[in-house]
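Chemist: what follows is a predicted protein model with its sequence.
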Amino acid sequence: MPKHIGIVACSAEGAALCYRTICDEAPAFMGPHRHPEISMHTNCLGEYMEFIRRYDWPGVAELMLSSANKLAKTGADFLISPDNTIHHAFDIVASRSPLPWLHIVEEVAAVAKARGFHKLALTGTKYTMEGTVYQAKLPAAGFEYVVPNADERAEIDRIIMDELVNGIFTPQSRAYFQQINERMKSEGCDAVVLGCTEIPLIVHDSTSPLETLDSTRILARAALRKALE
């Protein structure tokens, strides 16, 4: 039997994309209309943001652990979170979790290495672009990385929090990401990490000057592989 996947959700759009990816791609391995058992628990994004805005990662960890404990009771075998920002609390969570986790950045790095990339552009919320999660794991995996400049980071964060998490996708915002990716390509980047789970809803290979590393779908596919081990 496939393993039961538990999804610790944070924002609705990103979590929905992760869930849909697992369900859409599983039939290629399992047969028509088949996918592993999946359970999801979502605490309120607003509650998460109260802690995130204060950089209170222990507070974020408590919310993640509340989801983890509920998912363990549903019978989940392992956990994922399709949210890059809250991975700042991952180490706190992993040491207290009732179940094992996959780490979104480790999965992104593994795919980047398999695809032969060397220098990565990093996009995401301001907490991700200015944080420590990718900044620790990418160099450890052998990658150079660059982030957008301060003004670009502010606008990317605004697009994510005011538009994408609310299901708003505009041509202007898509063009803005294209502009940033074009500039970072000129700085020698060979791929861009879509390090917010909503960015893939507006940026993908057909619209980006850089090849994309879609953190949401990468994590979903890693969870599918693990479920089918």
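Modeler: Okay, I see it.
Chemist: can you list the domain ranges for the chain.
Modeler: 5-103+218-228, 104-214 (automatic domain parsing).
Chemist: with mean pLDDT and mean neighbour count as added columns, please give those in CSV.
Modeler: (C-beta placed from N, C-alpha, C; glycine too.) As requested, the domains of the chain are exported to CSV (pLDDT from 0 to 100; neighbours: other C-beta atoms under 10 Å):
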stretch, mean pLDDT, mean neighbour count
domain 5-103+218-228, 97, 19
domain 104-214, 96, 18
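Chemist: the longest helix seen in the chain packs against which elements?
Modeler: The longest helix of the chain (DSSP state H) is helix 57-74. In this structure, helix 57-74 packs against strand 5-9, strand 38-42, helix 45-52, helix 90-94, with contacts taken as 3 or more C-beta pairs under 8 Å, 6 or more residues apart in numbering; DSSP states H and E.
Chemist: want to try CSV for these, with distance to residue 185 as columns?
Modeler: Formatted as CSV, the helices and strands packed on helix 57-74 follow (distance: least, C-beta to C-beta, whole Å):
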stretch, distance to residue 185
strand 5-9, 32
strand 38-42, 36
helix 45-52, 30
helix 90-94, 30
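Chemist: can you say which of the ones you listed is nearest to residue 101?
Modeler: Proximity to residue 101 (C-beta to C-beta) singles out helix 90-94 among the helices and strands packed on helix 57-74, at 5.9 Å.
Chemist: touching the following helix or strand past the closest one from outside, list them.
Modeler: Downstream of helix 90-94, the first helix or strand assigned by DSSP states H and E is helix 104-114. Helix 104-114 has contacts (C-beta atoms under 8 Å, 6 or more residues apart in numbering) with 80-84, 87, 120, 133-134, 137-138, 141-143, 191, 193, 195, 213, 215, 218-219, 222.
Chemist: and the closest residue to residue 41 other than its chain neighbours, how far from residue 101?
Modeler: Once flanking residues are discounted, residue 41 sits nearest to residue 67: 4.1 Å by C-beta to C-beta, 6 or more residues apart in numbering. Per C-beta to C-beta, to the nearest Å, residue 67 is found 11 Å from residue 101.
Chemist: ok, now residue 54?
Modeler: Taken as C-beta to C-beta, the span from residue 54 to residue 101 is 24 Å.
Chemist: again with residue 157
Modeler: 25 Å.
Chemist: same check, this time on residue 120
Modeler: Distance from residue 120 to residue 101, by C-beta to C-beta: 23 Å.
Chemist: with residue 171 instead?
Modeler: 37 Å.
Chemist: could you do residue 174 as well?
Modeler: In terms of C-beta to C-beta, residue 174 sits 32 Å off from residue 101.
Chemist: same deal with residue 76?
Modeler: 11 Å.
Chemist: do the same with residue 31
Modeler: Residue 31 is 28 Å from residue 101, by C-beta to C-beta.
Chemist: do the same with residue 140
Modeler: Taking C-beta to C-beta, one finds residue 140 at 18 Å from residue 101.
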